[in-house]
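Q: sequence plus the predicted model coming up.
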Amino acid sequence: MGFATDAIHVGQEPDETTGAVMPPINLATTFAYENTEKHKAYVYSRAANPTRCAFEKNMAALEKGKYAFAFSTGMAALSTMMMLLKSGEHCIISKDVYGGTFRLCEYVFKDFHFNFSYVDTTILDNIVKAITPLTRMVLIETPSNPLLKVTDIAAVAQICREQKLISVIDNTFMTPYYQNPLLLGMDMVIHSTTKYINGHSDCLGGVLALNDETIAERVRFLQKSIGAVLSPFDSWLTMRGVKTLALRMEKHTANAVKVAEFLRRHSKVIHVYYPGFEDSPGHEIQKKQSRGSGGMVSFDLGTYEKAKAFLDNLKMCALAESLGGVETLICFPVTMSHSSVTKEIREEMGITDHLIRVSVGCEDAEDIIQDLSSALEAIP
């Protein structure tokens, strides 16, 4: 079956009891045993819930994996994934990474003696050089957040196989509609389903998808034991969002191309980051491993004062955290997504105090561009 068909149908078969086309939400927290020695498929909803399992089945199919596990947020999924490491072990992470990932690793997991190195994973030799005897995992973002740098997924997976490391990719920006890292050899895919998967800025969530049975059993145990699981209602709501994922991603991307081209032509814009540009450093790799360039665009206005003037004059586009909603959301990394990262480290990452990230929505492209244009013209 094709992607859109799987998105609409896998895990969402009509209800056996009523024939309801959309499976009902099962809010039960506990399930009756048949006797002291036998129970049915479900026991307690922290371990497994019918609605959450339906969503997990759907996400496994879309990511071309055997297993998927749903969590209450993307950070809950990331935290659980990090629990695959033991105290003293080492993880290599893309240098240009989401600020929340950096915050979790540096200010939480370092207290448990986990060790992290941040390298530019677009240069494969940087990964190889960072490997130590205690390295167990490599976590990449591609395209990265917020500079949209592209890392060669298959090449990273190959390095990890050779070094017997767990390879993980944050696929939030691309979604399984455009990119299937498990097919390229990665061990695990992580999503903040809060973003494009749900797509309507009204539901938190996270997912891990994978193929390895041994790792899956450990993740299942951690999910049950830690308990940061996606609720039945949020599972149902996210499944509803998934049904239109293919349609939305096409519109996000078509609009992003137009927005990126407009920004590139504007005299007040210093630089535009978008992997869809043919002269973008990662464009050829992006074409090789993905079926599209996505709906995220970042650009630099040269000074903090100009960036602030632009942001203060937006009308329709929302200045807001997060991304992937049907509405256009504009983020100022220095005060929002990467505010927990020190200025020195931000500069090492290449994230300036005048960088702006746009999650291009599904409105009419002309209206998005008009709002951006008016805000740019308001810059002194």
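A: It's in.
Q: what segments of the protein are helices?
A: According to DSSP state H, the chain carries its helices in the segments 3-9, 50-62, 74-82, 99-107, 124-130, 153-163, 175-178, 213-226, 232-242, 245-265, 283-289, 304-312, 343-349, 365-377.
Q: which among the ones you listed is found nearest to residue 36?
A: Taking Cβ to Cβ, helix 213-226 is the member of the helices of the chain nearest to residue 36, at 21.5 Å. The way it works is simple: take the backbone N, C-alpha and C, and place the C-beta from them, glycine included.
Q: residue contacts, residue 199?
A: 241, 244, 245, 248, 324, 325, 326 (Cβ atoms under 8 Å, 6 or more residues apart in numbering).
Q: how about the first one: what's its closest non-neighbour residue?
A: Right, the one you point to is residue 241. residue 198 (4.0 Å; Cβ to Cβ, 6 or more residues apart in numbering).
Q: quick one: find the helix or strand in the protein with the lowest mean pLDDT.
A: The least trusted helix or strand in the chain, going by mean pLDDT, DSSP states H and E, turns out to be strand 38-39, with a mean of 76.
Q: for it, packing partners?
A: With contacts taken as 3 or more Cβ pairs under 8 Å, 6 or more residues apart in numbering; DSSP states H and E, strand 38-39 sits against no other helix or strand.
Q: other residues contacting it?
A: For strand 38-39, contacts defined as Cβ under 8 Å, 6+ apart pick out 31, 32, 33.
Q: next one: the residue nearest the centre of the chain from residue 184, what distance?
A: Taking Cα atoms, centre = their mean, the centroid of the chain lies closest to residue 172, which sits 1.9 Å from it. Applying Cβ to Cβ, to the nearest Å, the value for residue 172 to residue 184 is 17 Å.
Q: before we move on, what about residue 17?
A: From residue 17 across to residue 184, the span is 40 Å (Cβ to Cβ).
Q: more crowded one of the two?
A: Set residue 17 next to residue 184 and count neighbours by other Cβ atoms under 10 Å: residue 184 wins out with 20 against 7.
Q: ok, now which ones touch the more buried one?
A: Per Cβ under 8 Å, 6+ apart, neighbours of residue 184: 153, 154, 157, 289.
Q: what's the closest non-adjacent residue to the third one?
A: Closest residue to residue 157 apart from its sequence neighbours, by Cβ to Cβ, 6+ apart: residue 185 at 3.2 Å.
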